[in-house]
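**Q** following is a predicted model, sequence given first.
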Amino acid sequence: MRERYLIWEFIKNMIRTRIAPSPTGNLHIGTARTALFNYLFARKMGGKFILRIEDTDLERSDKKYEKNILAGLKWLGIEADEGPEEGGDYGPYRQSERLPSYKTYLEKLLQEKKAFYCFHSEAELEEERNQLLKAKNPPVHFCEYRGMDLREAEDIKDIKKDYIIRFKNHAGRKVSFSDLIRGEMEFESDLIGDFSLAKDLDTPLYNFAVVIDDQEMKISHVIRGEDHLPNTPKQLLLIEALDLQRPQYAHLPLILGSDRSKMSKRHGATSVDEYREAGYLPEVLFNFMALLGWNPGGEQEIFSREELIEKFSLDEVHKSGAVFDITKLDWMNGEYIRQKSVEELVKLCKPYLKDFPSKPDEYLAKVISLEQPRLKKLSELAEKAGYFFREPEYEKELLRWKKMTDEEIKQSLEKSLEILQDNQKTEAEKIEKIFLDEAARGGDRGKLLWPLRAALSGQKASAGPFEILKILGVGESIRRLNLGVKKIS
């Protein structure tokens, strides 16, 4: 037992996953899903989940986006063990603060003639690319400067200043690795060419920086989207050239829209912020995203955080794309809303009612109790029940039941007023019975109850008139019925 315990402790200490977003936009739902899979795997294995900010793109990176990413992950409950805010033994956790480290590795590659300075202009490279495509050849660049002496190249770069640093690739090689989701993968080096590493010694590019960061942060598992597959052979060539430790790779299926194309703005919201503002709960997105490309088997779809961690395995991650089903998300959010206490929902719903006159928590609780069974999103409360907080606006036609004349509608509203005015101190249940008895005498209940409900709510579809009346109170209900009479008159 002691030996087994020590082996498990050793494995736990070795498992390190990461998410490395670029602060060039708000937290994308795809990035959040990737972060979640890394988080679940690390937690399941007893390892560490690291957050790293890839901000070397100085022109596009912005601190406001970094704050948005950090806040979004925290809201979702995807908590890092190490990161810009948490700190850790392998920091700093922003690429912009790690530049000296990249420079050391670049100089090593240049000295060992595994990298070189390329002096082709962008126009020359574009012309070469077009010619290759025209000849129906892969647009791959094997550079004529790859054999230049380093001293000569350094003299030229001081004068020319228009250059990049490239990796010296070798044709005729096969680059292979075992993907934990997709199995054995193989790439031809002839289709990769001499790829770029850095703009200069102080400005690394993605494929180079990510390899160094993963090495120095001791990342054991690189779990990322399948759109990164073309980058993997380049990174493996760099790992080999620098004699670094190769991590294990797992490439997740893309998130697809309803038409099965890559999810984009045309399919709806793409940032976590948009779902938060729409009134989705963080634990719902956590649950929903976990099932985008993974399923433990069985019919269960509602999972707690603890259940997801316990059941998660890369073995059950799908290879094909995962469709983002907004109908399913709405259903799931509604299920979670119904599991909440009214007290919890009062706090959660307040931000969505900020444009309405303030009401006491006791009043909010009554409204929420009424609407809770029908809500799919927290934001719907304002749309479905705004009339509880503000006098409704509506056209007089809304008061009309079937083919009632204006005079009949007026008489119906006046009858409702008479009942309420005569029973201002009567219990709500007894008032309801009086209304129902009166409606039954008229033969068509809708002639009394439809104008009553429409005048109270101002909506074509709403809660029933007696549920509304009970919350509004007799006094406010009388006021609204009088307004209805004026409108139809």
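**A** Structure received.

**Q** drop to CA atoms for contacts and neighbour counts, all remaining ones
**A** OK.

**Q** and the residue lying closest to Gly475 once chain neighbours are set aside, how far from Ile431?
**A** Among residues not flanking Gly475 along the chain, Gln424 sits closest, at 7.8 Å (CA to CA, 6 or more residues apart in numbering). The spacing between Gln424 and Ile431, counted by CA to CA, to the nearest Å, is 9 Å.

**Q** these two: who's more crowded?
**A** Ile431 (21 against 14; other CA atoms under 10 Å).

**Q** buried stuff in stretch 65-79?
**A** By 16 or more other CA atoms under 10 Å, the buried positions in stretch 65-79 come out as 65-66, 68-70, 72-73, 75-76, 78-79.

**Q** again, but for stretch 102-122
**A** When burial is assessed from 16+ other CA under 10 Å, stretch 102-122 yields the following buried residues: 102-103, 105-106, 109-110, 113-119.

**Q** what of stretch 48-67?
**A** So for stretch 48-67, counting by 16+ other CA under 10 Å, buried means 48-57, 61, 65-66.

**Q** same check, this time on stretch 335-348
**A** 335-338, 342, 345-346.

**Q** first-to-last residue distance for it?
**A** One end of stretch 335-348 to the other measures 15 Å (CA to CA).

**Q** tell me how far that stretch lies from the chain's centre.
**A** 22 Å (CA atoms, centre = their mean, to the nearest Å).

**Q** try stretch 105-112
**A** Averaging C-alpha positions (CA atoms, centre = their mean) puts stretch 105-112 39 Å from its chain's average.

**Q** can you list the neighbours in contact with that stretch?
**A** 115-116, 150, 201, 212, 241-242 (CA atoms under 8 Å, 6 or more residues apart in numbering).

**Q** from those, which is closest to Tyr387?
**A** For the contacts of stretch 105-112, the minimum distance to Tyr387 (CA to CA) is 58.3 Å, reached by Ile212.

**Q** name the element the closest one belongs to?
**A** According to DSSP states H and E, Ile212 maps onto helix 206-216.

**Q** near Gln248, how many other residues are there?
**A** 14.

**Q** what's the answer for the one 10 residues further on, then?
**A** Using other CA under 10 Å, the number of residues around Ser258 comes to 14.

**Q** quick revisit: got a winner among the contacts of stretch 105-112 for most neighbours?
**A** Tallying neighbours with other CA under 10 Å puts Phe116 at the head of these, with 29 neighbours.

**Q** so what's Gly475 scoring on pLDDT?
**A** pLDDT recorded at Gly475 is 94.

**Q** okay, now the unreliable bits of the stretch 51-200 of the chain?
**A** Residues of the stretch 51-200 of the chain meeting the criterion pLDDT under 70: none.

**Q** pop the domain breakdown of this structure in here.
**A** Following automatic domain parsing, one gets these domains for the chain: 267-385, 391-488.

**Q** hey, where'd the strands end up in this structure?
**A** 16-19, 48-51, 115-118, 164-167, 174-179, 183-188, 196-200, 203-204, 221-225, 248-252, 255-256, 322-323 (DSSP state E).

**Q** need the ones you listed in JSON lines (columns: distance to Leu125).
**A** What follows is the strands of the chain, written out as JSON lines (distance: least, CA to CA, whole Å):
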{"stretch": "strand 16-19", "distance to Leu125": "33"}
{"stretch": "strand 48-51", "distance to Leu125": "35"}
{"stretch": "strand 115-118", "distance to Leu125": "11"}
{"stretch": "strand 164-167", "distance to Leu125": "12"}
{"stretch": "strand 174-179", "distance to Leu125": "25"}
{"stretch": "strand 183-188", "distance to Leu125": "21"}
{"stretch": "strand 196-200", "distance to Leu125": "12"}
{"stretch": "strand 203-204", "distance to Leu125": "20"}
{"stretch": "strand 221-225", "distance to Leu125": "29"}
{"stretch": "strand 248-252", "distance to Leu125": "30"}
{"stretch": "strand 255-256", "distance to Leu125": "33"}
{"stretch": "strand 322-323", "distance to Leu125": "37"}
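
**Q** which one of these lies closest to Pro373?
**A** By CA to CA (comparing all of the strands of the chain), the closest turns out to be strand 322-323, at 27.2 Å.

**Q** partner strands of the closest one, with direction?
**A** In the sheet, strand 322-323 lines up against strand 255-256 (parallel) (DSSP bridges).

**Q** give me the contacts around the strand it pairs with.
**A** Strand 255-256 is touched from outside by 30, 262-263, 292-293, 321-324, with contacts defined as CA under 8 Å, 6+ apart.

**Q** cool, stretch 51-63 as well?
**A** 18-24, 66, 80-84, 93-96, 203-205.

**Q** at 7 Å instead, please
**A** By CA atoms under 7 Å, 6 or more residues apart in numbering, the residues outside stretch 51-63 that reach it are 18-24, 80, 82-83, 93-96.

**Q** before we move on, what about stretch 330-337?
**A** So stretch 330-337 is in contact with 280-281, 284, 375-377, going by CA under 7 Å, 6+ apart.

**Q** same thing but at 10 Å, please
**A** 279-285, 287-288, 301-302, 326-329, 339, 344-345, 372-378 (CA atoms under 10 Å, 6 or more residues apart in numbering).

**Q** give the buried subset of the residues you listed as a ChimeraX selection command.
**A** Only the buried entries of the contacts of stretch 330-337 go into this ChimeraX selection, using 16+ other CA under 10 Å:
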select :279,280,281,282,283,284,285,287,288,329,345,372,375,376,377,378
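
**Q** flag the shaky bits of the stretch 351-489 of the chain, pLDDT-wise.
**A** In the stretch 351-489 of the chain, no residues with pLDDT under 70.

**Q** now do the helices in it.
**A** Counting by DSSP state H, counting those that start in this stretch, residue ranges of the helices within the stretch 351-489 of the chain are 361-371, 380-385, 406-422, 428-441, 446-457, 465-472, 474-488.

**Q** redo these as a markdown table? Include distance to Ile159.
**A** Formatted as a markdown table, those follow (distance: least, CA to CA, whole Å):
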| stretch | distance to Ile159 |
| --- | --- |
| helix 361-371 | 71 |
| helix 380-385 | 63 |
| helix 406-422 | 89 |
| helix 428-441 | 89 |
| helix 446-457 | 76 |
| helix 465-472 | 80 |
| helix 474-488 | 82 |
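
**Q** deepest of those helices, which one?
**A** Of all the helices of the stretch 351-489 of the chain, helix 446-457 has the most neighbours on average by mean count of other CA atoms under 10 Å, namely a mean of 25.

**Q** all good on my end, thank you.
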